[in-house]
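# next come a sequence and a model predicted from it.
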Amino acid sequence: MAIAGGVILLLFMVLGLSGSNQVAAIGSIAVVLGGIVSLGSNVSTLRQTTAAMSAADALRSDLINTIDLRVVGEGTMKRI
């Protein structure tokens, strides 16, 4: 949304629909660049988190498969 807002503000200033203010132009450029950086950061963090979750799930599955599990029923218990 920040990227779109910055681009729209820049277009308004270029087309003369709003006042030509240098501070607003610099601010809209900063918003566009900040939005791009934020988007890239969030995407890379999501990819890293997804990869870490997949690795942890694979490790958990491997650990469960190495356990020698036995089914315990009512007939196998002895009363003391």
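Yes, it's here.
# can you give me the helices in the protein?
2-15, 22-66 (DSSP state H).
# now stretch 42-50, how far from the centre of its chain.
In this view, stretch 42-50 has its centroid 5 Å away from the chain centroid, taken as CA atoms, centre = their mean, to the nearest Å.
# dump it to PDB, keeping only the CA atoms.
What follows is stretch 42-50, C-alpha atoms only, in PDB (Å, rounded to 0.1, in the frame of the first residue of the first chain):
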ATOM      1  CA  ASN A  42       9.100  -9.600   4.400                       C
ATOM      2  CA  VAL A  43       9.300 -12.000   1.400                       C
ATOM      3  CA  SER A  44      12.800 -13.200   2.300                       C
ATOM      4  CA  THR A  45      11.900 -13.600   6.000                       C
ATOM      5  CA  LEU A  46       8.800 -15.700   4.900                       C
ATOM      6  CA  ARG A  47      11.000 -17.900   2.700                       C
ATOM      7  CA  GLN A  48      13.600 -18.400   5.500                       C
ATOM      8  CA  THR A  49      10.800 -19.300   8.100                       C
ATOM      9  CA  THR A  50       9.200 -21.700   5.700                       C
END
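# quick check: mean pLDDT across it?
For stretch 42-50, mean pLDDT is 87.
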